[in-house]
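A.B. asks: Predicted coordinates and the sequence they were generated for:
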Amino acid sequence: MAHHEDSCSQVQVLLTFSTFSRPTTIPSGSGYEVLHEKFLSVYGDHINVFRKFIIQIYSDEWGQYIDFPKGFTILSKCKLRLELERTPLGNLTPDTTAFLCCDMQERFRPAIKYFDDIVSVGQRLIHGADILGSPLIVSEQYPKGLGSTVPELDISAARLVFPKTKFSMILPEVEKVLATLPHIRAMVLFGVETHVCIQQTALDLIGRGFEVHVVADSTSSRSMVDRMFALKRMAQLGVIISTSESVLLQLVADKEHPKFKAIQSIIKASAPESGLLMNV
């Protein structure tokens with residue numbers, strides 16, 4: 001049947017990815033490769049092109065989306081969905097993990113609850129990332145008015161330190177760096193404020209298919225209500241809410257790891273609770 005279709009005829013399709021849906025047209029008889037390119041042309045700004053994904057087609061027979069059959073071609077109006085391949089949640093390895101330090105700046109010191117505590121924990125994370133060779137990316141929210149990253153944090157080894165006005169860290173300059181790190185699948189995210197820049201960065205990363213670990217004892221807000229509800233919301237959306245010690249020990253995974261003793265020295269003293277246990 002496909003061989004008799006006019007090669008120039010177009011078929012209407014509805015493309016869906018994450019929370020987005022957009023009608024468009026494709027040449028009749030298009031297969032997986034054409035659809036792959038169409039999804040990238042429509043949603044390229046929202047897709048981490050280094051992640052594996054699958055295309056699904058809506059089946060009227062089954063009343064749900066099914067995987068796009070091998071060798072299948074599109075001959076009539078239909079609905080298509082892009083699904084990112086899922087990876088097991090929670091497993092961190094140094095060579096597939098990046099650290100994102102968000103807006104740990106001087107002017108936030110008097111305003112953010114438990115700021116000194118979260119900076120102390122941030123020191124541990126940055127030191128650990130350096131020991132393990134995991135890349136670090138650092139943002140600074142409007143540094144002209146809010147100052148630079150606090151001096152307690154040694155960000156000299158960061159792959160990128162950049163200013164921003166947008167709340168999310170996921171800007172073109174960050175995506176450019178990530179494009180050079182196609183092996184990265186997990187992000188360890190910490191900084192301020194939990195309910196604003198951290199939350200929006202986490203949502204953007206989840207939408208791009210990354211596994212996101214927000215370090216609860218190294219992120220805070222001006223309001224503890226905002227902080228706690230943001231942590232809950234992110235957890236509901238698939239973000240892994242973790243602690244600094246958990247993250248660092250997951251990364252070494254074994255007492256026999258060559259970097260275990262160096263990481264152990266970082267966590268020898270317990271991290272400050274930063275107000276997380278006030279209601280326990």
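C.D. replies: Looks like it came in fine.
A.B. asks: Please make it C-alpha for all contacts and neighbour counts, starting now.
C.D. replies: Fine.
A.B. asks: need the contact list for the residue lying closest to residue 97 once chain neighbours are set aside.
C.D. replies: Of all residues not flanking residue 97 in the chain, residue 186 sits nearest, at 4.7 Å (C-alpha to C-alpha, 6 or more residues apart in numbering). Residue 186 sits next to 92, 96, 97, 98, 210, 211, 212, 213 when contact means C-alpha atoms under 8 Å, 6 or more residues apart in numbering.
A.B. asks: would you list those residues in CSV and tack on pLDDT and secondary structure?
C.D. replies: As requested, the contacts of residue 186 are arranged in CSV below (pLDDT from 0 to 100; DSSP: H, G, I helix; E, B strand; the rest coil):
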residue, pLDDT, secondary structure
92, 94, coil
96, 95, helix
97, 97, strand
98, 98, strand
210, 90, coil
211, 92, strand
212, 95, strand
213, 97, strand
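A.B. asks: Nearest to residue 15 among those?
C.D. replies: Relative to residue 15, the closest of the contacts of residue 186 is residue 210; by C-alpha to C-alpha it sits at 21.1 Å.
A.B. asks: phi, psi of the closest one?
C.D. replies: phi -80, psi 150 (degrees, to the nearest 10).
A.B. asks: residue contacts, the residue nearest in space to the middle of the chain?
C.D. replies: In the chain, the residue lying closest to the centroid (C-alpha atoms, centre = their mean) is residue 205, at 2.7 Å. Going by C-alpha under 8 Å, 6+ apart, residue 205 touches 170, 211, 212.
A.B. asks: Could you list the domains of the protein?
C.D. replies: Per the record, the chain has its domains at 2-84, 94-267, by automatic domain parsing.
A.B. asks: most neighbours per residue, which of the ones you listed?
C.D. replies: With neighbours taken as mean count of other C-alpha atoms under 10 Å, the domains of the chain reach their highest mean count in domain 94-267, at a mean of 19.
A.B. asks: tell me how far the ends of that domain are from each other?
C.D. replies: 17 Å (C-alpha to C-alpha, to the nearest Å).
A.B. asks: Give me the distance between that domain and the centre of its chain.
C.D. replies: 11 Å (C-alpha atoms, centre = their mean, to the nearest Å).
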